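**Student:** coords below, sequence missing:
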């Protein structure tokens, strides 16, 4: 069982990035997925989440209207599209999958994180 994030990097203010979270060993369709971030010296922050059924989404106020979380079940991957990026978006971004259905409810998986830096 593994979650692997990718797509981080350096971007200028106002730019865009798309992060990917690819799952192996389990199927995203039975899980909810969250993206968290943690900046140096700050607590981890929940950025966005999506449920496995119906794809209902929620966003932190700080990213609402700029970030979009969505999934591709065929690729077993969840994405975080980040637009109009700001220096305060600089952080390590983590993908987290939790079991949505009763038979997988005890499962909680985390990726290793990917660095995002917004700077000119």
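**Tutor:** Happy to help now that I have it. This is a predicted model, so every value here is computed, not measured.
**Student:** please make it C-alpha for all contacts and neighbour counts, starting now.
**Tutor:** Fine.
**Student:** center of the protein, which residue is that?
**Tutor:** When CA atoms, centre = their mean is applied to the chain, the residue found nearest the centroid is residue 35 (2.9 Å).
**Student:** ok, now which ones touch that residue?
**Tutor:** The contact partners of residue 35, by CA atoms under 8 Å, 6 or more residues apart in numbering, come to 46-49, 80, 93-96.
**Student:** any stretches of the chain with poor pLDDT?
**Tutor:** Applying pLDDT under 70 to the chain picks out residues 53-54.
**Student:** now do the contacts for the residue lying closest to the residue nearest to the centre of the chain once chain neighbours are set aside.
**Tutor:** Computed as CA to CA, 6 or more residues apart in numbering, the closest residue to residue 35 that is not its neighbour in sequence is residue 95, at 4.7 Å. Each residue near residue 95 by CA under 8 Å, 6+ apart is listed here: 3-5, 21, 33-36, 110-111, 113.
**Student:** picking that back up, out of the contacts of residue 35, who's the most crowded?
**Tutor:** residue 95 (29 neighbours; other CA atoms under 10 Å).
**Student:** now that one: which helix or strand?
**Tutor:** strand 91-99 (DSSP states H and E).
**Student:** so what strands line up beside that strand?
**Tutor:** Sheet pairing for strand 91-99, assigned by DSSP bridges, gives strand 31-38 (antiparallel), strand 108-110 (antiparallel), strand 114-118 (antiparallel).
**Student:** quick one, strands of this structure?
**Tutor:** Along the chain, the stretches classed as strands by DSSP state E are 2-6, 9-11, 17-24, 31-38, 45-50, 57-59, 67-72, 77-82, 91-99, 108-110, 114-118.
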